[in-house]
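A.B. asks: pasting the sequence and the predicted coordinates here, then a few questions.
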There are 2 protein chains.
Amino acid sequence: MSAVLSAVIALKPVESRMPAPQKHAASCSKCNLRELCLPGALGADDLARVDNLVYARRRLKKGESLYQAGAAFNAVYAIRSGSFKASLLDNDGREQVAGFFMGGELLGLDGLGSGAYHAAAVALEDSEVCVLPYALIEELAREIPALQRRLHSVLAREIVRDHGVMMLLGTMRAEQRLATFLLNLSARFLRRGYSASEFRLRMTREEMGSYLGLKLETVSRLFSQFHEAGLIEVDHRHVRIRDTQGLQRLLDERN
Amino acid sequence: MSAVLSAVIALKPVESRMPAPQKHAASCSKCNLRELCLPGALGADDLARVDNLVYARRRLKKGESLYQAGAAFNAVYAIRSGSFKASLLDNDGREQVAGFFMGGELLGLDGLGSGAYHAAAVALEDSEVCVLPYALIEELAREIPALQRRLHSVLAREIVRDHGVMMLLGTMRAEQRLATFLLNLSARFLRRGYSASEFRLRMTREEMGSYLGLKLETVSRLFSQFHEAGLIEVDHRHVRIRDTQGLQRLLDERN
DNA sequence: CGTATCCTTGATTCGCTTCAACATTAGTGG
DNA sequence: CCACTAATGTTGAAGCGAATCAAGGATACG
């Protein structure tokens, strides 16, 4: 395993190396995002072994990218704090936000077992991630069936998440896309112990639009429209949901 | 392992059980779709062990579904012949085709490690699939690192495929969506030894439209339009690509 | 051979984009 | 800390692309 580790070290750029993290700080078993993250509902004994998965931590400033699209894949990242966007870059020059990610969620799954990341990951605010080297994931997944299962489930969930976006882009009207987006954010904040009704958006109107397949002007108009309908209160990035039911009702309408 | 197998047998509906397949017919090592399929470029020794993965075969008639959305997950399916569509069903009643699949491609990855399939799989013509029980996949992936790696790569590829659809739905105009679709089919037929320029569509205009986020009338109009532009010849489901470059040029246009 | 499904084409409508101007905020350097 | 500038957000008016509504025609299947 030290051979594996040194290979990983060799691959990491110098500026992102960190001093060996303190055991209690790095360990998944002590992390309160654990259940949302790769370890999931692992038993105490398996969990102790998975602690070794976190090879290092890495801090990023707002706007910094964790990896570029097409960069060599060698690790998956778990978000400890902050948030990210995943950006797709088409060979025809098109760009699109494929998703927004927050604490406990995994970045880089699209590079798993293949040579390179497909989407880029960019920090939307100052953030910190745990580095999970693929070599260690492979090894531990072979040794711990529960972890193997969990990894598969996390990958399948990513596929299902993408299916949700395809549904949104393929079948919903602009109103419904934004409502879905807000309700999704709300639910994810709630699961993390934050308010489901009041939160701060970490992305621009343009980034939301890119994700939702809309132009930024349309997103802006929809925010105003939702506000006038008494569904939400908006002050730029600060959103307060006033009528969750009302937002949900939007989704049932029409085709 | 016989415990595993009997568990699998218990899970399978009676009507889909088959007599034990002949060794030479069931084996991946003799299958010419192998490289496109789960085994990929596995070495000869590993390949021999993977042969055991194919627990059975299953034949489906046109229109029959391999599994429903939400059905209990217990196997992944590899397409031996024919083709399928994957259909998403939203809780708000919306439906969308998430993808079309042909020989050597895998169905059911969205259920991996979780309890249920997310999308339904329906045969677009009379088809045959190999049944790869999840219990066996898990077991062999632990024992054969190359298979484990390949499984991860196949899952990541599915995510990347979905990213492509998101891109298509989020950023492309109707013309470009259909052009992308035709070029994608063309490339996949070519990889399977069929003509890249002449093929038969296995899905209706409506199914294509659903996949591309368009109405069937729009798809129909686009076919006519492409025909008039000298890009393709269409006779209902039969398509002949006359100007691949021309189709590709469509993708570069505009935003 | 007859019927249901699938496909095509036309006319019209509508939702979102585009173009444009301006307001506000955040970030930067003096 | 304030002034300044770039980035971000709002709103309006006009245009366009795809949806909708509608009708007729071709094909596949029993």
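C.D. replies: Everything's here; your move.
A.B. asks: so how far is DNA strand C from residue A:51?
C.D. replies: Applying C-beta to the nearest atom of the strand, to the nearest Å, the value for residue A:51 to DNA strand C is 35 Å. Every C-beta, even on glycine, is put in place using the N, C-alpha and C of the backbone.
A.B. asks: with residue A:81 instead?
C.D. replies: Taken as C-beta to the nearest atom of the strand, the span from residue A:81 to DNA strand C is 17 Å.
A.B. asks: ok, for that residue, nearest residue in space, not its chain neighbours?
C.D. replies: residue A:128 (4.8 Å; C-beta to C-beta, 6 or more residues apart in numbering or on different chains).
A.B. asks: let me know the secondary structure of that neighbour.
C.D. replies: For residue A:128, the secondary-structure state derived from DSSP: H, G, I helix; E, B strand; the rest coil is strand.
A.B. asks: check contacts around it.
C.D. replies: Residue A:128 makes contact with A:57, A:58, A:59, A:60, A:79, A:80, A:81, A:82, according to C-beta atoms under 8 Å, 6 or more residues apart in numbering or on different chains.
A.B. asks: hmm, try it at 6 Å
C.D. replies: The contact partners of residue A:128, by C-beta atoms under 6 Å, 6 or more residues apart in numbering or on different chains, come to A:57, A:59, A:80, A:81.
A.B. asks: tell me the bridge partners for it.
C.D. replies: Per DSSP bridges, the residues bridged to residue A:128 are residue A:59, residue A:81.
A.B. asks: tell me how far it lies from chain B.
C.D. replies: In this view, residue A:128 and chain B are 24 Å apart by C-beta to the nearest C-beta, to the nearest Å.
A.B. asks: swap in residue A:166?
C.D. replies: From residue A:166 to chain B the distance is 5 Å (C-beta to the nearest C-beta).
A.B. asks: beyond the helix ranked longest in chain A, next helix or strand please.
C.D. replies: Looking across chain A with DSSP state H, the single longest helix is helix A:145-171. With elements assigned by DSSP states H and E, the helix or strand that comes after helix A:145-171 is helix A:174-191.
A.B. asks: quick one: buried residues of that following helix?
C.D. replies: By 16 or more other C-beta atoms under 10 Å in any protein chain shown, the buried positions in helix A:174-191 come out as A:174-183, A:185-186, A:188-189.
A.B. asks: mean confidence for it?
C.D. replies: Averaged over helix A:174-191, pLDDT sits at 97.
A.B. asks: which single residue in the stretch 1-150 of chain A comes nearest to DNA strand C?
C.D. replies: With C-beta to the nearest atom of the strand as the measure, residue A:62 is the residue of the stretch 1-150 of chain A nearest to DNA strand C, at 6.6 Å.
A.B. asks: which residue lies closest in space to that residue, excluding its sequence neighbours?
C.D. replies: residue A:125 (5.1 Å).
A.B. asks: let me know the secondary structure of the one you found.
C.D. replies: Assigned with three-state DSSP, residue A:125 falls in the coil class.
A.B. asks: and which of the contacts of residue A:128 is nearest to chain B?
C.D. replies: Nearest to chain B among the contacts of residue A:128 is residue A:80, at 22.6 Å by C-beta to the nearest C-beta.
A.B. asks: contacting residues for the closest one?
C.D. replies: Shown in contact with residue A:80 (C-beta under 6 Å, 6+ apart): A:128, A:130.
A.B. asks: could you rerun that using 10 Å?
C.D. replies: A:25-26, A:31, A:33, A:37, A:54, A:57-59, A:103-104, A:127-130 (C-beta atoms under 10 Å, 6 or more residues apart in numbering or on different chains).
A.B. asks: what do you get for residue A:87?
C.D. replies: A:65, A:68-69, A:95-99, A:119-122, A:207, A:210-211.
A.B. asks: for residue A:168, same thing?
C.D. replies: A:176-178, A:180-181, A:184, A:211-213, B:90, B:94, B:96, B:166, B:169-170.
A.B. asks: wait, is the residue of the stretch 1-150 of chain A closest to DNA strand C part of a helix?
C.D. replies: No - assessed with three-state DSSP, residue A:62 is coil; it does not lie in a helix.
A.B. asks: phi, psi of it?
C.D. replies: phi -50, psi 130 (degrees, to the nearest 10).
A.B. asks: quick one, grab the pLDDT at the closest residue in space to residue A:158 that isn't next to it in sequence.
C.D. replies: Sequence neighbours aside, residue A:109 is the residue nearest to residue A:158 in space, at 5.1 Å (criterion: C-beta to C-beta, 6+ apart). On the pLDDT scale, residue A:109 is placed at 98.
A.B. asks: look up phi and psi at residue A:109.
C.D. replies: Dihedral angles (degrees, to the nearest 10) for residue A:109: phi -60, psi -30.
A.B. asks: wait, it sits on residue A:98?
C.D. replies: No - counting by C-beta atoms under 10 Å, residue A:109 stays clear of residue A:98, with 11.4 Å between them.
A.B. asks: so what sits against both of those two?
C.D. replies: A:86, A:118, A:119, B:159.
A.B. asks: point out where chain A drops to low pLDDT.
C.D. replies: Chain A contains residues with pLDDT under 70 at A:1-26, A:254-255.
A.B. asks: at 80 instead, please
C.D. replies: A:1-26, A:55, A:253-255 (pLDDT under 80).
A.B. asks: over to residue A:46: give its phi and psi.
C.D. replies: According to degrees, to the nearest 10, residue A:46 has phi -60, psi -40.
A.B. asks: ditto for the one 4 residues further on
C.D. replies: Residue A:50 has phi and psi values of phi -70, psi -20 when expressed as degrees, to the nearest 10.
A.B. asks: how much space is there between it and residue A:130?
C.D. replies: 11 Å (C-beta to C-beta, to the nearest Å).
A.B. asks: common neighbours of the two, please.
C.D. replies: A:28, A:37, A:38.
A.B. asks: enumerate the residues of chain A near DNA strand C.
C.D. replies: When proximity is defined by C-beta under 7 Å from any atom of the strand, chain A lies next to DNA strand C at A:62, A:173, A:174, A:175, A:213, A:214, A:215, A:217, A:218, A:221, A:236, A:237.
A.B. asks: now list the buried members of those.
C.D. replies: Buried members of these, counted by 16+ other C-beta under 10 Å: A:174, A:175, A:213, A:214, A:218.
A.B. asks: who are the contact partners of the closest residue to DNA strand C within the stretch 51-200 of chain A?
C.D. replies: Going by C-beta to the nearest atom of the strand, DNA strand C is nearest to residue A:174 of the stretch 51-200 of chain A, at 3.1 Å. With contact taken as C-beta under 10 Å, 6+ apart, residue A:174 is in contact with A:209, A:212, A:213, A:214, A:215, A:218, A:219, A:221, A:222, A:225.
A.B. asks: in those, find the pair that's most separated.
C.D. replies: A:213 and A:225 (17.5 Å; C-beta to C-beta).
A.B. asks: what segments of the stretch 1-150 of chain A are helices?
C.D. replies: A:2-11, A:23-26, A:44-50, A:134-143, A:145-171 (DSSP state H, counting those that start in this stretch).
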